[in-house]
Structure formats: C-alpha cells, structure tokens
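Colleague: Coordinates only, no sequence provided:
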C-alpha cells in the first residue's frame, strides 16, 4: 500500500517548494523591501586600530636605535665641524670689527679717550681708515708709508709701516683660512644631507665648543688684560716689532681702550652667534624622533 501523502516519496525532503511563501530574514531586507547583500569589511579598517603597546614600544626603540647609530664618516665630519666652527666665527667677527664703521662707533662714542697730541675724532677716523683699509687690500707698504701730515711729515714711521705689514700678513692669512673653512662647511652641508640632522649636530657641537672657548678667553683677559694683550702679540709678532712710543701715530689712533673695546665686541658677536646656533640646532626629543623616523623610513 502506497502512502500518497506529500513528502512521502523518496527524496521529497530535499525538494525546494515552488512557492513556500516563507518570508526572507529581516536583517537581509532594506527599507524598500529589496534583499540586501552584506557589506564587505573596509580594506583599511585595520589601520584605525591602535597596535599593541609592546609593538608601539618596539617601534619606538627601533627609531631611537636608528638615531643613535651614526656612520663613521659623518661623525668624523662633525668632529671637524666642532673644531673649526670657533675659528670661522672668530674670523668673521674680526672682519666685522676691522672696518671703518667700527672706527666711527669707537671714536665718536661718549667716554672714548681723546688724543693728547691733537688728533680730533675726524682726524682719527680719516687716518685710522687708511690703516684699516690697508689690512684688507692688496697694496704694498707704500700705501701707508707715503701718507703725510699737512706739514709734510710722514704719518707713520718705518717701524709702524713694517708692523702694519706684519699685521696684514696675519689678517689676510686668517681671512684665507676662514674662506677655506667656509668652503668646508658648504661641502659638509651637501655631503650630510642624506644623514638626518647630521649637519645640525655638528653645528651644535661646534657652538658649545665656541661658547667654552670664548668663556676661557674672557676669563684670561679679565684676570690680566695687559698680560693677555702681550702674549697675544708675542704669538704672532717678533719682540720689539710691535711696541711704540705714546706719540707715534698707531698709539694715537689705536689706544689701549680701543683694543679692549674691540676684544669685547668680537667676544660678544661670537658668543651671540654661537648661542643662536645652539638654540636652533639643539637636539630636542622631538627633533631626534623626527630624525629617527626618517632613518627608519629610509631603511624600509
């Protein structure tokens, strides 16, 4: 006897109804009744998730290690920068002081000692400008030796002219060395561009060395200016070639107060520039982290 009820035939349980009338799942319906397809996860959704703390620390350690690991070549260049920067700043300050503008500021400032032998401030500025110009031009000793007073007497003695020729040799040699050092710094800047903040670290180290050197020289000058002035001249000139009488023109144009003011001005200029360099090149944590991140990006 055969059961004719629906679903009694073999495999009837696997037949899909033609029209079962069963509703779709509610979560698959949109507002207009259409069946919705589940959205795929956004491919960058994982970027919004903060990495674990240990991973954050690991990356930070890698950046710091990259910042600490400096190649040998840039470090050698930085050492030379630190040693040469004080000399470069000193030469630049000397060039600023050895100018008619500084002479004008000195001769016309209140309190500057007058000349007991009759030079007015205008006379000093005129004759002193010849001496200062001689140090920077390519003229020979006749530039000063042929100068005369209105009465026909020579402005400078042969000993004074000889000493100024010695001073000129030292000054021009210093300017030449300063120019060579400046070229070195330009080359160093170009060569260290691939190493983040390498040039800035060299400038920072040089600025600290400069501050220390200026401080030491200032203490030595303050403890005994005359001894400091004498030893400085003995370093560059032979004994007996740089001492003159009070009535000689060089002493009347450039008394002791002039050299004290010049030394103070040079020291202040060098100190000011070196402090500004140290501030702008100071390796703050933010700057070190930025340099380390740049190194890490290059490594990746």
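Modeller: In hand now; what should we look at? Please read these numbers as outputs of a predicted model, since none were measured by experiment. Numbering: from 1, shown residues only.
Colleague: For residue 115, the count of nearby residues, please.
Modeller: Residue 115 has 16 neighbours, counted by other CB atoms under 10 Å. (C-beta placed from N, C-alpha, C; glycine too.)
Colleague: That one in helix, strand or coil?
Modeller: Following DSSP: H, G, I helix; E, B strand; the rest coil, the label given to residue 115 is coil.
Colleague: tell me which element the residue nearest to it when sequence neighbours are not counted falls in.
Modeller: Spatial nearest neighbour of residue 115, chain neighbours left out: residue 252 (5.0 Å); criterion: CB to CB, 6 or more residues apart in numbering. Assessed by DSSP states H and E, residue 252 sits inside helix 249-253.
Colleague: List the buried residues for the host helix or strand of residue 179?
Modeller: In the assignment (DSSP H and E), residue 179 maps to helix 158-191. Neighbour-count burial for helix 158-191 flags 159-165, 167-168, 171, 174-175, 178, 181, 185, 188 (criterion: 16 or more other CB atoms under 10 Å).
Colleague: quick one, the following helix or strand past that helix and helix 158-191 angle?
Modeller: Using DSSP H and E, the helix or strand that follows helix 158-191 towards the C-terminus is helix 198-223. Interaxial angle of helix 198-223 relative to helix 158-191 (axes from the mean of the first three to the mean of the last three CA atoms, to 10 degrees): 150 degrees.
Colleague: so what secondary structure elements neighbour the helix holding residue 252?
Modeller: Applying 3 or more CB pairs under 8 Å, 6 or more residues apart in numbering; DSSP states H and E, one finds that helix 249-253 contacts helix 121-136, helix 158-191.
Colleague: Go through these and name the closest to residue 113.
Modeller: Closest approach to residue 113 among the helices and strands packed on helix 249-253 (CB to CB): helix 121-136, 10.9 Å.
Colleague: That closest one relative to helix 158-191, how many degrees between them?
Modeller: Orientation check (the same axes, to 10 degrees): helix 121-136 against helix 158-191 gives 60 degrees.
Colleague: list the helices and strands whichever helix or strand comes after helix 121-136 packs on?
Modeller: Helices and strands here follow DSSP H and E; after helix 121-136, the next one along the chain is helix 142-145. Secondary-structure packing of helix 142-145 (3+ CB pairs under 8 Å, 6+ apart): helix 121-136, helix 158-191.
Colleague: mind giving me a markdown table with those helices and columns for mean pLDDT?
Modeller: Shown next, in a markdown table, are these (pLDDT from 0 to 100):
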| stretch | mean pLDDT |
| --- | --- |
| helix 121-136 | 96 |
| helix 158-191 | 96 |
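Colleague: Tell me the buried residues in stretch 81-99?
Modeller: 81-82, 84-94, 97-99.
Colleague: quick one: which of these is nearest to residue 278?
Modeller: Set against residue 278, the nearest of the buried residues of stretch 81-99 by CB to CB is residue 85 (10.8 Å).
Colleague: what pLDDT, on average, does the one helix or strand the closest one maps to get?
Modeller: Following DSSP H and E, one finds residue 85 within helix 72-97. For helix 72-97, mean pLDDT is 94.
Colleague: do the same with stretch 55-65
Modeller: Stretch 55-65 carries an average pLDDT of 74.
Colleague: And what about residue 263, helix, strand or coil?
Modeller: Under three-state DSSP, residue 263 comes out as helix.
Colleague: Compare the helices and strands packed on helix 142-145 and give me the one nearest residue 201.
Modeller: Residue 201 lies closest, by CB to CB, to one member of the helices and strands packed on helix 142-145: helix 158-191, at 11.4 Å.
Colleague: Would you mind pulling up the elements that that closest one packs against?
Modeller: helix 72-97, helix 121-136, helix 142-145, helix 198-223, helix 249-253.
Colleague: Swap in 10 Å and give it another go.
Modeller: On a contact count with 3 or more CB pairs under 10 Å, 6 or more residues apart in numbering; DSSP states H and E, helix 158-191 meets helix 72-97, helix 121-136, helix 142-145, helix 198-223, helix 225-236, helix 249-253.
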